[in-house]
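> need a 3D model of the following:
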Amino acid sequence: MVSLPKRLFAELFGTFWLVFGGCGSAVLAAGFPDVGIGFVGVSLAFGLTVLTMAYSIGHISGCHLNPAVTVGLWAGGRFPAKDIAPYAAAQVVGAIIAALAIYFIASGQAGFSLAPNGLAVNGYGEHSPGGYSLVAGLTIEIILTFGFLIVILGATDTRAPSGFAPIAIGLALTLIHLISIPVTNTSVNPARSTGPALIVGGLALQQLWLFWVAPIVGAVLAGFTYRALAEEPRAPAVTGEAI
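A predicted model of the protein is given here:
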C-alpha cells in the first residue's frame, strides 16, 4: 500500500485541481467576455477535474477529493476510520490553496470585485444563484451526494466493469452540477465549499455549515445503503461444515 503521506499529498493536489478547475472555470470563464462557457461549461469542468484525477491518482490515494466521499466510503466498508481525519484535512488544505490561487489570478483583472464574483461560493437564500431556500438547498445537497456516492461505490465495485469508473464518476459530477448550480451553486463536497468561503467570509462563511452537514449525511446514507444492496447472500452451510 502507498504510504499515508504520499496518499495525503495526492488528495491535496487532487482537491486543488478540482477546485481550481471547477471554481476557476466559474470565476474566470463562465461569463467571459460577455458569452462565456456558462453553467453547462462549469458543470463539465467539474466533471473533467474528477475524471482526470481519477485516472492520475486513483491508484495512489483512491482519488476521494472530498470529505463526504471519504466518509461515505467508510460507511460502505471501503475505507478505515483512522484515515478519515487526515484525508479530510488534506482535501480542505488543497481547496484553500486553490481558492487563493483563483483569487490571486482573478484580482489581476481591472475592476474585479470579490463580492459579486464570490469565488463561486455555495449558498442558500440570498446567496443561492436562483434564490432557493435553506430547506431546498439542504434537500438537494443530501439527495445529490447520496446519488454521487452510489455511483462511486457501484462503479468501483470489484464486480463492475474495470477501467470505466472514472468516466461514470466524472459524468455523475457533471450531471449533479447541471441540476443544482441554480440552487446552491453545487457543493456535494465540504472541502470545495470551505476554500472559497474562507476567503469570501461573511454570509458565505455563516452558511458553510450546510455544505458540511448535507453532503456528509447523504454520503453516510449512501454508504450504508449500497453496503446493504450489494452484499451477496451467503450460501447455506452444508451439514458438518464450519460456519
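
> contact partners for the residue nearest the centre of the chain?
Nearest to the mean C-alpha position of the chain, by Cα atoms, centre = their mean, lies residue 189 at 3.6 Å. The contact partners of residue 189, by Cβ atoms under 8 Å, 6 or more residues apart in numbering, come to 18, 65-69, 211, 215. Where you see a C-beta, it was placed from the backbone N, CA and C, and this is true even at glycine.

> now restrict those residues to buried residues only.
For the contacts of residue 189, a burial check counting by 16 or more other Cβ atoms under 10 Å picks out 18, 65-69, 211, 215.

> can you give me the helices in this structure?
Assigned by DSSP state H, the helices in the chain fall at 4-24, 38-61, 67-75, 84-106, 114-117, 134-155, 165-184, 190-200, 202-206, 210-230.

> may I see the ones you listed arranged in CSV, with distance to residue 123 and mean pLDDT as well?
Shown next, in CSV, are these (distance: least, Cβ to Cβ, whole Å; pLDDT from 0 to 100):
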stretch, distance to residue 123, mean pLDDT
helix 4-24, 13, 98
helix 38-61, 15, 97
helix 67-75, 18, 98
helix 84-106, 15, 97
helix 114-117, 13, 76
helix 134-155, 8, 98
helix 165-184, 7, 98
helix 190-200, 9, 97
helix 202-206, 6, 94
helix 210-230, 9, 97
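
> and of those, who's closest to residue 30?
helix 38-61 (5.5 Å; Cβ to Cβ).

> which of the helices of the chain sits closest to residue 125?
Across these, closest to residue 125 is helix 134-155 (Cβ to Cβ), at 6.3 Å.

> and the closest one, how far from the chain's centre?
Its chain's C-alpha centre and that of helix 134-155 lie 10 Å apart, by Cα atoms, centre = their mean, to the nearest Å.
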